[in-house]
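Q: Have a look; sequence and predicted model below, questions after that.
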Amino acid sequence: MHQPTWMNAELELLRDAARRFYDTELVPHEPRWCAQQHVDREVWFKAGAAGLLCPGIAEAYGGGGGNFLHEAVIFAEQSRAIAGGLGNSLHSGIVAHYIENFASEEQKRRWLPKMATGELVGALAMTEPGTGSDLQSIRTRAMRDGDHYVVDGAKTYITNGSSADLICLVAKTDPSQGARGVSILVVEAAQVTGLRRGQPLHKIGMHSQDTCELFFDGMRVPCENLLGAEEGQGFRQLMKELARERLITALMSLACMERAIEETLRFTAGRRVFGQPLLELQNTRFKLAECETQAHLAGAFVDDCAQRLLTGTLSPATAAMAKWWVTDACGKVVDECLQLHGGAGYMTDYPIARLYQNVRVHRILAGTNEIMKELIARDMEKRAA
């Protein structure tokens, strides 16, 4: 298994603590949570008490005071555990950073400590029916009326949607201005009317993760809940944070690749074909060698991107490269590993089948891989100009 170049004793302790938490508090409950399509609310409080929420947020706001590497080991271990129901990579890795980076001091002190304890669960509402990855074409509107915005529209595929207490909502505050008319409002769900949550969406995988549609019918949000000093900053805020989101998706895919290889090594060593272990057949050995190489290449790329993120030098184009290449490689590796399981690989009793279900969405999350290639090509065009 790939060992990150940045791993140290402190991060190893955090990784081991996260692994024990997931093995105890998540994995045993996954079948029940898959059936109900969301985790129990109390597990958020347990994760907060264990120090797994907001590890990269400053201690002054109730966070762990760490950095992206602390988040990376926590999110990777959860992916490796195949226990994706707790939407923490979004809550801690994305939503909390929108607030820490762009909110006012008063907003940070009001929201972040409660996110760190699990009292507030965060969600990010970007995607809409019919718009997908095209954020400039969103139709949800937030029109100013006195000291409130009146919001009308809908969002879909919202992780943590049913349980979210704090929703970073992307909306048009000035539809005539295109991207310059996009703003982010922070919706405190318990304090608004006009917010309606749809039924849980039935997905191919990630069955235990809370995913739903959100509807806004004249929802009134205080103007003071605007994220940023003025309207029209939303698209810039999104572009700044999407690189982080794309890298998180890549590192989760890497963890799933590694788990798939580990499972397949164990299975093929114990499965006998034609009187010998499946692992001794040349085809098995060559396929696993290819998978291991893909995982090491992905690991080196993710390591480099993580270091760049820490120093503020991770470009949107490089994050897009990591996101599409690693998630694509993950899909191929998991598929090869499932094939080596034979019929067992199609049975959800086996971890490889659940990995196969879950990783397919990685090529869609945080912007589809096709959009990633378009972003990379646009960056290349600038060099040619």
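A: Good, I have the coordinates. Quantities reported herein were computed from a predicted structural model and do not represent experimental measurements.
Q: and Gly198, what does it touch?
A: Gly161, Cys212, Glu213, Leu214, Phe215 (Cβ atoms under 8 Å, 6 or more residues apart in numbering). In this view, the C-beta of every residue, glycine as well, is placed from N, C-alpha and C.
Q: Could you report the pLDDT at it?
A: pLDDT recorded at Gly198 is 96.
Q: check which helix or strand covers His207.
A: Under the criterion DSSP states H and E, no helix or strand holds His207.
Q: Which pLDDT value belongs to it?
A: For His207, pLDDT reads 97.
Q: Give me the residues contacting the helix or strand hosting Glu12.
A: Assigned by DSSP H and E, Glu12 falls within helix 9-21. Residues outside helix 9-21 that contact it (Cβ under 8 Å, 6+ apart): 46-47, 50-52, 55, 69-70, 73-74, 76-78, 80-81.
Q: just checking, which of the contacts of Gly198 belong to strands?
A: Cys212, Glu213, Leu214, Phe215 (DSSP state E).
Q: Which of the residues you listed ranks first by neighbour count?
A: Highest neighbour count within the ones in strands among the contacts of Gly198: Leu214, with 25 neighbours (other Cβ atoms under 10 Å).
Q: hang on, isn't that residue packed against Tyr157?
A: No - contact criterion Cβ atoms under 8 Å: Leu214 and Tyr157 do not qualify, at 10.0 Å.
Q: From the contact counts, what lies against the helix or strand encompassing Val302?
A: In the assignment (DSSP H and E), Val302 maps to helix 282-311. With contacts defined as 3 or more Cβ pairs under 8 Å, 6 or more residues apart in numbering; DSSP states H and E, helix 282-311 has these neighbours: helix 68-80, helix 234-270, helix 316-340.
Q: what angle sits between it and helix 316-340?
A: Angle of helix 282-311 versus helix 316-340, following axes from the mean of the first three to the mean of the last three Cα atoms, to 10 degrees, is 160 degrees.
Q: what sits against Gly343?
A: By Cβ under 8 Å, 6+ apart, the contact set of Gly343 is empty.
Q: That one in helix, strand or coil?
A: Taken by DSSP: H, G, I helix; E, B strand; the rest coil, the conformation at Gly343 corresponds to helix.
Q: possible to save the helices and strands packed on helix 282-311 as JSON lines with distance to Ala125, mean neighbour count and mean pLDDT?
A: Below are the helices and strands packed on helix 282-311 laid out as JSON lines (distance: least, Cβ to Cβ, whole Å; neighbours: other Cβ atoms under 10 Å; pLDDT from 0 to 100):
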{"stretch": "helix 68-80", "distance to Ala125": "21", "mean neighbour count": "25", "mean pLDDT": "97"}
{"stretch": "helix 234-270", "distance to Ala125": "12", "mean neighbour count": "22", "mean pLDDT": "95"}
{"stretch": "helix 316-340", "distance to Ala125": "21", "mean neighbour count": "22", "mean pLDDT": "98"}
